[in-house]
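**Q** Predicted structure and sequence below. I'll ask about it afterward.
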Amino acid sequence: MRTLLAAWALVTLGGASARSQSLELYAVRFYRSAGSETLVDGFCRVSFALLDPLSRSPDGGAAYRISVTVRDSGGLEVLAQSWVRSVPARVLHLAGGSAVEHFSFTLQPGRYAVDVSVTDSATGRASRQRGDVDAFPRPPRASDLLLATGVREAAPADTARPGEIRKGSVLLQASGHPVLTPQQARLGYYLELYPAHPETASVMVRVKTPRGDQLVVTEARRIVVDSGGGATRGVVDLAGLPPGDYRLELAVAGAGTGSDTAVRDADFGMAGLEADLARDPFAALTEAQLDTLYLPLVYLMASEEQGVYPGLTVEGKRSFLRQFWVKRDPTPGTPRNEAQEDVYRRIGEANRRFREGGAAAIPGWRTDRGRIFIKYGPPDEVLERPQAGSTNPYVVWKYTQLRVQKYVFLDLTLFGNYALIWTNDRREPVRSNWRELLGAGAVTDVMRF
């Protein structure tokens, strides 16, 4: 017997462009015998394409308010939740950027309507979706199936990382609709069982296409379930699965009523190799190539991260780079790491634009302009003085989003090698004779800019 999931994906069926402009909603139900309640874990994927930058934001980011309302079949409001989320400017305009909001609530038996709205703080524009969810009328044989891109045992004092939810002693990286990649092809699952009596059950995993064609099937695994209930969880390696949409099906024989079989399923996706290039560009690189990607990151490292990488093995270096970016991922649980993409894009542009010649060529990322560009991105305003009378050529960069920061670069050699000589950024060095190097007229020019 197959049980229909109370999960929904309320999006316009019209391709990726339509999906990117919509809210995607998913829900997974669990039963709680105390009070005969249904616990619902809800997920809402919010596309950044729905948001505009805040004019009053110092960093050019965006914000939105998400509201969740649950009503019973008579229209009575049984739950209302609302909170505000901010989106940094560095990820707001990246193609495909999104965030997953998680919310949970409990319900008595019955049918309910769940309304979710996301209101853009800049424009007041609201995006809405609705879904129906049935709370269990009686103890089910099993919960709905929860899929995850990561599953780990939680230590007693462990706290959930961004994008994780806790189920008993397990922490799961869940987003409602996981998307795997060829290099990150392990799919986790979690299912609760509610037998009336202790029993031994047999668990089998199948992977099917949307048409029902079976592609993967695992050997049956035996588990013991107490009368108070239990859970089965695991990870299946789906490396080699072509890009596309799929369904993972979990069949539990012997759960609940003798030899009856409980079947639960949930959808997931497999992205192509291009997703791995964004998510994990380190997998197939040589040690020299890894070192090239590591070196510019010294500008971004915390003190405890410095000095660790050089003594690692090749695989250790890969692991270091992966973890470095996992900690900085603004949208955990999604296939892309927008911060990683943005920084490596800046490094590439710095190498193209700011390479310096001379006796020993200096790559762009190692120059003063390259360092500032990688750390803060392109300046908001630029003052260029290629011919400044008796003063050597100089250029001034100004950033205005957080607070006004100026950086003055002077061509000391007249060969296009610009050095940072003054800034009001206390984290950067200033040359004590910068005024003499510029001259009074240029100093006035810089201060007025």
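**A** Received it, and whenever you're ready, just let me know what you need. None of these values were measured; they are calculated from a predicted model.

**Q** in the stretch 101-250 of the chain, which ranges drop under the pLDDT threshold?
**A** 183 (pLDDT under 70).

**Q** Helices of that one, start to end?
**A** Remark: no helices are assigned in the stretch 101-250 of the chain by DSSP state H, counting those that start in this stretch.

**Q** centre of the chain versus the helix or strand harbouring Glu315, how much separation?
**A** Assigned by DSSP states H and E, Glu315 falls within helix 314-326. What separates the centre of helix 314-326 from the centre of its chain is 17 Å, taken as Cα atoms, centre = their mean, to the nearest Å.

**Q** And the contacts of it?
**A** Here helix 314-326 makes contact (Cβ atoms under 8 Å, 6 or more residues apart in numbering) with 280, 282-283, 285, 287, 290-291, 293-294, 297, 301, 305, 308-309, 312, 332, 337, 339-340. Using the backbone N, CA and C atoms, a C-beta is placed for each residue, glycine as well.

**Q** The closest residue in space to Glu305 that isn't next to it in sequence and Arg318, how far apart?
**A** In this structure, Glu305 finds its nearest non-sequential neighbour in Phe324, 6.9 Å apart by Cβ to Cβ, 6 or more residues apart in numbering. Phe324 sits at a distance of 11 Å from Arg318 (criterion: Cβ to Cβ, to the nearest Å).

**Q** next one: Arg247
**A** In terms of Cβ to Cβ, Arg247 sits 32 Å off from Arg318.

**Q** Give me the distance between Asn392 and Glu436.
**A** Remark: distance between Asn392 and Glu436 (Cβ to Cβ) = 12 Å.

**Q** Show me how the record splits the protein into domains.
**A** 1-138, 141-273, 280-353, 379-449 (automatic domain parsing).

**Q** Give the rounded mean pLDDT of the shortest one.
**A** Across domain 379-449, the average pLDDT comes to 90.

**Q** Can you name the next helix or strand after the helix holding Glu315?
**A** helix 338-353.

**Q** Give me the helices and strands touching that following helix, please.
**A** Counting contacts by 3 or more Cβ pairs under 8 Å, 6 or more residues apart in numbering; DSSP states H and E, helix 338-353 packs against helix 89-92, helix 368-376.

**Q** Show me what counts as buried in the last one.
**A** Judged by neighbour count using 16 or more other Cβ atoms under 10 Å, the buried positions of helix 368-376 are Asp368, Arg369, Gly370, Arg371, Ile372, Phe373, Ile374, Tyr376.

**Q** Kindly present those as CSV, with separate columns for distance to Arg125 and pLDDT.
**A** Listed next are the buried residues of helix 368-376 as CSV, based on distance: Cβ to Cβ, whole Å; pLDDT from 0 to 100:
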residue, distance to Arg125, pLDDT
Asp368, 42, 95
Arg369, 39, 95
Gly370, 39, 94
Arg371, 39, 94
Ile372, 35, 95
Phe373, 33, 95
Ile374, 34, 94
Tyr376, 30, 91
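
**Q** tell me which of those is nearest to Leu191?
**A** When the buried residues of helix 368-376 are compared for distance to Leu191 (Cβ to Cβ), Ile374 wins out at 45.2 Å.

**Q** From Gly42, how far off is the closest one?
**A** The spacing between Ile374 and Gly42, counted by Cβ to Cβ, is 39 Å.

**Q** returning to what we had before: tell me which residues in the helix holding Glu315 are buried?
**A** By 16+ other Cβ under 10 Å, the buried positions in helix 314-326 come out as Lys317, Arg318, Phe320, Leu321, Arg322, Phe324, Trp325.

**Q** and the end-to-end length of stretch 203-219?
**A** Taking Cα to Cα, to the nearest Å, stretch 203-219 runs 8 Å from one end to the other.

**Q** can you list contacts of it?
**A** 189, 220-223, 232, 234, 236, 238, 241, 244-253, 265.

**Q** Could you rerun that using 7 Å?
**A** Stretch 203-219 is contacted from outside by 220-221, 223, 232, 236, 238, 245-252, using Cβ atoms under 7 Å, 6 or more residues apart in numbering.

**Q** again, but for stretch 332-348
**A** Taking Cβ under 7 Å, 6+ apart as the rule, stretch 332-348 contacts 90-91, 94, 96-98, 100, 149, 162-163, 173, 175, 179, 181, 271, 275, 278-279, 296, 300, 325, 328-331, 365, 373-374, 377.

**Q** Find the centremost residue of the protein, please.
**A** The chain has Thr331 as the residue nearest its centroid, 2.0 Å off, counting by Cα atoms, centre = their mean.

**Q** okay, how far is it across stretch 306-322, tip to tip?
**A** End-to-end distance for stretch 306-322: 15 Å, by Cα to Cα.

**Q** Could you do stretch 400-410 as well?
**A** Stretch 400-410 has an end-to-end distance of 21 Å (Cα to Cα).

**Q** Going forward, count from 522.
**A** Done: numbering now begins at 522, and the last item shifts to stretch 921-931.

**Q** could the domains of the chain be laid out in TSV, adding distance to Ala882?
**A** Formatted as TSV, those follow (distance: least, Cβ to Cβ, whole Å):
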stretch	distance to Ala882
domain 522-659	30
domain 662-794	33
domain 801-874	11
domain 900-970	11
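
**Q** So which bits of stretch 904-914 are buried?
**A** Leu904, Arg906, Ala909, Thr912, Asn913, Pro914.

**Q** Show me the residues you listed that map onto strands.
**A** Leu904, Arg906 (DSSP state E).

**Q** how about JSON lines for the buried residues of stretch 904-914, with distance to Leu666 added?
**A** Formatted as JSON lines, the buried residues of stretch 904-914 follow (distance: Cβ to Cβ, whole Å):
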{"residue": "Leu904", "distance to Leu666": "59"}
{"residue": "Arg906", "distance to Leu666": "64"}
{"residue": "Ala909", "distance to Leu666": "68"}
{"residue": "Thr912", "distance to Leu666": "69"}
{"residue": "Asn913", "distance to Leu666": "67"}
{"residue": "Pro914", "distance to Leu666": "64"}
